[in-house]
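*Asks:* Attaching a predicted model along with its sequence, questions to come.
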Amino acid sequence: MKTYYYDHCASTPMSPTVIETMSDVMKLHYANPSALHRSGAEAMRLAERARSSIADKMGANPKEVIFTSGGTESNNLAIKGSVNKVTRESKHVITTAIEHASVYESVRQLEALGIHTTILAVDQQGKVNPEDVEKAIRKDTVLVSVMHVNNETGVIQPIQEIGAIVSKHPHVRFHVDGVQAIGKVPFSWKEWGVHLYSGSAHKFGGPKGVGFLLAKEGTELASLLNGGEQEFGMRSGTLNVPGVVAMAQALRITLENREDRRMKMYAMRHRLLEIVAEIPELLINGVPTDVTDNAAPHVVNFSYPGMRPEVMIHMLEKHGILASTQSACSSKSLQPSRVLLAMGQDADRASGSIRISFGDEHTKEDIEILGDRLKMVVDKLKPLERKP
Amino acid sequence: MNYDLIIVRFGEITIKGRNRNRFEAMLLLQIQSALKDFPALSYVRGYARVYIHLNGEDYGLVAARLKDIFGIMSFSPVASAPQELESIQKCALEIMRTVDPAPKTFKVSVKRGWKQFPHDSLEMNHLIGSYVLRHCPELKVDVRKPEVELKVDIQHKETYLYCEVEKGAGGFPLGMNGKAMLLLSGGIDSPVAGWMAMKKGLKIEAVHFHSYPFTSEQAKEKVVTLAQRLAYYGGKIRLHLVPFTDIQTKLAQSGHDSLIITLMRRSMLKITERLAERSGALAIVSGDSLGQVASQTLGSMNVIGRSSSLPLLRPLVMMDKQEIIDYAVKINTFETSILPFEDCCTLFVPKSPATNPDLRIVERVEAHLGEQFDRLIDDAVEGTETVLLTETGVPGASKQREDEWF
């Protein structure tokens, strides 16, 4: 039986071209880019070319691109690096209740160290209200961190509006976790007043273990990793040359014909939402409409109240469908989803959510097959529902 | 504010008599080539100026590129309004409101090229001025010394309005004054000297001396980066990489420690002169600044300069170090220049280099080194590697495989 991979939010398949590039660079440019000899210089030149290419695609200048090991590190660096750079006594950080764990837990850790924090609530659709950000900003606020696209529900946050608010307060920095947004929704971070923007290669067809943090010129950060002072002194560690080259290529590919591909994905999402709506047992989480400004094109999240999600996941897998409960990294915790709880869902619904996320390799026909199997699985599980 | 047009005014070339036409055509070509990333632009040549129609391209991005093109004196973003009084008034107000910081005084100058327009220019001055005044109570008219002059040009099909005048880079169009060789070391001064030479209309080819293995690959990379930056201003740039190791080690063993720098510099000029001959260049540009280091004292300049018969142009000769640094920051070469890689001149530096070398002694040492030394110079010229650089790298197919990776 053919297996359908519907877990693009967790990680995307790498295109054969990018794999080939990465392996070529591994073969040819194994030297340490910080080394003095010709091979080292070549490797460095290649990494710098990757930096320029990524900068160009992301509307940054090359000095604003810091290579990291991925989204988690980028988020940690943006948050802790910003807070630790400020020496004053009283510091305050604002974030939301629906952030990815790498943001949320970083803020929680700072909180334990005595930093003041405000965790903003979201509405039922999972959106932050920009006015809440305005109200939360204080004299000692260092940083506002809001994700661009939510990794569980695909809901797009009003980054531009929040950016306009933060811009009115020159002492506050704005960090955006863009890991799920890159290649999926259009944006111009700098014009929107964003100072720091995180990205991760394996969410857009690149390899795991490499990502970047865009840091607007003049945005200084305290480093988390100390050592050889690579990456403008903000991130020590031998530069992952094959990784960054492959990431640059994957980013280029993912941004080619982005509009057409985005619309194709919105059409698939629309159809999948229709199918899920026809199954009375399933409840859609997040933004159920087709309005493209509100939700990313590649995610659908629904709950099956009364059914443990891992049962659904295993049943779907038996029928060739790979999906996740909430986010892949919290799949195994069996706790209710923090994101869905924040959206005001009860524990039952928040514990039973399934996330379907797709990409370029999927077609409309695939979505029909997915729909048929969803119906079949729900039919089979129906007698096993636990009524509260 | 939505602009439709840019008026670009040419600088000094307009006074060049019969050659003006040729130079203007040259400058237009250079503008088009620098703005090739904006395919929607269209160009119309006027007297001593060119009109660039934006056709939807972003004014800010075009302006940023335009500022770095030599030969342009100034330019203005222009908005257009339909041939109707109210639209013209509204457009005028909108333009006045975008001026930052907000001016206290202004005046309106109307030119009515299309005489069929119902109001003449005097009436229009009044109609537009009073409309703007009504909406901006803090603004006053000053016809003698206004902070802002709002120009209104009524043409046959549309009316053009503008008030901002942005300063251009000035100078002459590149290549108008011929070609010169630039001694490019990798330090702070030589890229600035190159930029100034280009500004004055000189096409340049860069010459770099490297002493691998005494200098590193990175030192060479650094020079390539600097040359690329110069290529941003000057289109494509040829970079000559001269192997200097043999000459340098020979001189180091000659037993005239205090004269090494003088001797090195003289051989560099000799080699550059030979390369200039091949390239058809008529001068050598260097980043010398009077008194900066031992080789740049008047005494040294005298002895070193005599080794070549080409004119030696030293744009920085009377400038202070800080002024030079300011330029380097402005043209975006400073950060690269201060990277800590040794170039060939910092090697074998004697403890006390001669600040006032004796020409007769220097010539005697050279004569003593004899034919063998001439051969080393021949070898260096022969072994010179030349690369053609654009602002983004090496054009052509040599790095094809790498290109596939990106």
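*Replies:* Okay, I see it. Numbering: from 1, shown residues only, chains lettered A, B, ... in the order given.
*Asks:* what residues does the longest strand seen in chain B touch?
*Replies:* Selection of the longest strand in chain B by residue count, based on DSSP state E, yields strand B:72-81. Here strand B:72-81 makes contact (C-beta atoms under 8 Å, 6 or more residues apart in numbering or on different chains) with B:1-12, B:27, B:31, B:59, B:63, B:66, B:87-88, B:90-91, B:94-95, B:158-170. Using the backbone N, CA and C atoms, a C-beta is placed for each residue, glycine as well.
*Asks:* Which SSE is immediately downstream of it?
*Replies:* helix B:85-98 (DSSP states H and E).
*Asks:* what's the model's confidence in that following helix, averaged?
*Replies:* Computed over helix B:85-98, the mean pLDDT rounds to 92.
*Asks:* which other helices and strands contact that helix?
*Replies:* Here helix B:85-98 touches strand B:72-81, helix B:121-135, strand B:148-154, strand B:159-162, going by 3 or more C-beta pairs under 8 Å, 6 or more residues apart in numbering or on different chains; DSSP states H and E.
*Asks:* Out of the ones you listed, which is the most enclosed?
*Replies:* strand B:159-162 (a mean of 23; mean count of other C-beta atoms under 10 Å in any protein chain shown).
*Asks:* Can you list the strands that that strand pairs with?
*Replies:* Note on strand B:159-162: by DSSP bridges, its sheet partners are strand B:72-81 (antiparallel), strand B:148-154 (antiparallel).
*Asks:* Can you add mean pLDDT and give those back as JSON lines?
*Replies:* Below are these laid out as JSON lines (pLDDT from 0 to 100):
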{"stretch": "strand B:72-81", "mean pLDDT": "93"}
{"stretch": "strand B:148-154", "mean pLDDT": "92"}
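*Asks:* so which of those gets nearest residue B:241?
*Replies:* Ranking the strands paired with strand B:159-162 by proximity to residue B:241 (C-beta to C-beta) places strand B:72-81 first, at 32.5 Å.
*Asks:* Quick one: distance of that closest one to the chain centre.
*Replies:* The chain centroid and the centroid of strand B:72-81 are separated by 22 Å under C-alpha atoms, centre = their mean, to the nearest Å.
*Asks:* tell me the angle that strand makes with helix B:85-98.
*Replies:* 130 degrees (axes from the mean of the first three to the mean of the last three C-alpha atoms, to 10 degrees).
*Asks:* Please, which helix or strand holds the residue of chain A found nearest chain B?
*Replies:* Closest approach between chain A and chain B, counting by C-beta to the nearest C-beta: residue A:41, at 4.0 Å. Element membership of residue A:41, judged by DSSP H and E, is helix A:38-58.
*Asks:* Low-confidence regions, chain B specifically.
*Replies:* B:12-16, B:342-348, B:393-400 (pLDDT under 70).
*Asks:* Residue A:283 contacts residue A:303, correct?
*Replies:* Yes - assessed by C-beta atoms under 8 Å, residue A:283 is found in contact with residue A:303 at 5.0 Å.
*Asks:* which residues are in contact with both of the two?
*Replies:* residue A:349.
*Asks:* what pairs with the lengthiest strand in chain A, and is each one parallel or antiparallel?
*Replies:* Counting by DSSP E, the longest strand found in chain A is strand A:141-147. When pairing is defined by DSSP bridges, strand A:141-147 lines up against strand A:92-96 (parallel), strand A:173-177 (parallel).
*Asks:* circling back: tell me the helix or strand right after the helix holding residue A:41.
*Replies:* strand A:65-68.
*Asks:* Return the residues in contact with the residue in the stretch 201-350 of chain B positioned nearest to chain A.
*Replies:* Closest to chain A within the stretch 201-350 of chain B is residue B:217: 4.0 Å, counting by C-beta to the nearest C-beta. Contact partners of residue B:217, counting by C-beta under 8 Å, 6+ apart, are A:36, A:37, A:38, A:40, A:41.
*Asks:* tell me, how many neighbours does the closest residue to the fourth one other than its chain neighbours end up with?
*Replies:* Yep, that's residue A:40 we're talking about. In this structure, residue A:40 finds its nearest non-sequential neighbour in residue A:31, 4.6 Å apart by C-beta to C-beta, 6 or more residues apart in numbering or on different chains. Residues within reach of residue A:31, counting by other C-beta atoms under 10 Å in any protein chain shown, total 16.
*Asks:* Which helix or which strand is home to residue A:31?
*Replies:* If you go by DSSP H and E, residue A:31 is not part of any helix or strand.
*Asks:* roughly how far apart are residue A:56 and residue B:406?
*Replies:* 10 Å (C-beta to C-beta, to the nearest Å).
*Asks:* picking that back up, out of the strands paired with strand B:159-162, the one nearest residue A:296 is which?
*Replies:* Closest among those, once you apply C-beta to C-beta, is strand B:72-81, at 37.1 Å.
*Asks:* Can I get the closest one as CSV, trimmed to CA atoms?
*Replies:* Output in CSV follows, covering the C-alpha atoms of strand B:72-81 (Å, rounded to 0.1, in the frame of the first residue of the first chain):
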residue,chain,number,x,y,z
ILE,B,72,24.7,62.3,-12.4
MET,B,73,24.4,65.7,-10.7
SER,B,74,21.0,65.3,-9.2
PHE,B,75,17.6,63.7,-9.7
SER,B,76,14.1,64.3,-8.6
PRO,B,77,11.1,62.0,-8.1
VAL,B,78,8.1,63.3,-10.1
ALA,B,79,4.4,62.6,-9.7
SER,B,80,2.1,63.2,-12.6
ALA,B,81,-1.5,64.4,-12.5
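*Asks:* got a list of contacts for stretch B:131-145?
*Replies:* B:89, B:92-93, B:96-97, B:102-108, B:129, B:150.
*Asks:* Show me which of those are buried.
*Replies:* Buried subset of the contacts of stretch B:131-145 (neighbour count, 16 or more other C-beta atoms under 10 Å in any protein chain shown): B:89, B:92, B:93, B:96, B:103, B:106, B:107, B:108, B:129, B:150.
*Asks:* Isn't the second one up against residue B:110?
*Replies:* No - between residue B:92 and residue B:110 there is no contact, the gap being 9.9 Å when judged by C-beta under 8 Å.
*Asks:* Find residues that contact each of these two.
*Replies:* Joint contacts of residue B:92 and residue B:110 (C-beta under 8 Å, 6+ apart) are B:128, B:152.
*Asks:* Quick one: name the residues of chain B near chain A.
*Replies:* Selection of chain B residues close to chain A by C-beta under 8 Å from any C-beta of the partner chain yields B:216, B:217, B:218, B:221, B:393, B:401, B:402, B:404, B:405, B:406.
*Asks:* run the last query once more with 6 Å
*Replies:* B:216, B:217, B:218, B:221, B:405, B:406 (C-beta under 6 Å from any C-beta of the partner chain).
*Asks:* Not counting sequence-adjacent ones, nearest residue to the third one?
*Replies:* For residue B:218, ignoring the flanking residues on the chain, the nearest one in space by C-beta to C-beta, 6+ apart is residue B:341 at 4.7 Å.
*Asks:* With the fifth one instead?
*Replies:* Distances taken as C-beta to C-beta, 6+ apart put residue A:21 closest to residue B:405, at 4.6 Å, once the chain neighbours are dropped.
*Asks:* Next, count neighbours for residue 100.
*Replies:* Picking chain A for this. Residue A:100 has 23 nearby residues by other C-beta under 10 Å.
*Asks:* try again with chain B
*Replies:* Residues lying near residue B:100 (other C-beta under 10 Å) number 7.
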